[in-house]
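Peer 1: 3D, please:
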Amino acid sequence: MRELELLTSPGTNLQKLIFKCLLVINCHYKFLSRGVYNFVFLGLRYAEKLDVAENLITEIQKRAFVELYLVVVNVSHNALTSIEVGSFENCANMTVLDLSYNNITKIPRLAFDSISYAANLLLQYNQIEDFSTIPLANMSGLQVLNVSHNAINVIARYEN
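Peer 2: All right, here's what the predicted structure looks like:
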């Protein structure tokens with residue numbers, strides 16, 4: 001199966017299934033966590049793209065995507081206000097992280113340590129004021145960083 005579109009939060013077990021894209025619409029959860037992940041995606045081993053855009057998610061908790069091979073994660077158009085350190089733990093294969101169109105004001109210093117090879121980090125249309133709070137030091141593969149349409153008024157000077 002290449003693509004599965006879930007219209008509501010399923011109670012089904014997706015054990016050992018492989019998807020090219022997993023799209024979740026009308027998600028009733030307000031946060032992504034290991035507990036929610038285990039209930040909704042129990043046993044799912046590989047989903048190249050996880051799309052939970054345009055839901056009501058307010059938080060991504062630590063280890064939310066552990067044991068799930070992901071390349072693209074789209075959490076845009078939600079109500080995210082925070083991201084816990086370790087939210088993207090075990091996501092070394094992630095190349096695109098879309099957190100655009102949320103209410104993020106600050107990102108913890110170690111939030112993106114596990115996705116050092118991500119090529120695209122999309123943070124446009126958030127509430128970020130201080131560019132120095134975006135942890136980019138370990139993102140060696142970063143090619144596209146979009147922080148447009150934020151309220152950035154502080155850009156710290158980086159020294160090597």
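Peer 1: which residues sit against stretch 81-93?
Peer 2: Residues outside stretch 81-93 that contact it (CB atoms under 8 Å, 6 or more residues apart in numbering) are 32, 58-67, 69-71, 73, 94, 97, 99, 102-117. For glycine as for every other residue, the C-beta is placed from the backbone atoms N, C-alpha and C.
Peer 1: Ends of that stretch, what's the gap?
Peer 2: For stretch 81-93, the first-to-last residue distance is 25 Å (CA to CA, to the nearest Å).
Peer 1: Stretch 125-143 now?
Peer 2: End to end - CA to CA - stretch 125-143 spans 19 Å.
Peer 1: hang on, the earlier thing: show the buried residues in the contacts of stretch 81-93.
Peer 2: 32, 58-61, 63-65, 69-71, 73, 94, 97, 99, 102, 104, 106-107, 111-115 (16 or more other CB atoms under 10 Å).
Peer 1: Strands - which of those residues land there?
Peer 2: Leu32, Glu59, Ile60, Val73, Leu97 (DSSP state E).
Peer 1: quick check, nearest of those to Glu48?
Peer 2: Val73 (10.3 Å; CB to CB).
Peer 1: Now do the helices in the chain.
Peer 2: For the chain, helices defined by DSSP state H occupy the ranges 34-40.
Peer 1: Glu48 touches Val73, doesn't it?
Peer 2: No. If you go by CB atoms under 8 Å, Glu48 and Val73 don't touch, sitting 10.3 Å apart.
Peer 1: circling back to that earlier point, reformat the ones in strands among the buried ones among the contacts of stretch 81-93 as a markdown table; add distance to Ser132 and pLDDT.
Peer 2: Putting these into a markdown table (distance: CB to CB, whole Å; pLDDT from 0 to 100) gives the following:
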| residue | distance to Ser132 | pLDDT |
| --- | --- | --- |
| Leu32 | 26 | 65 |
| Glu59 | 23 | 84 |
| Ile60 | 21 | 84 |
| Val73 | 24 | 91 |
| Leu97 | 19 | 95 |
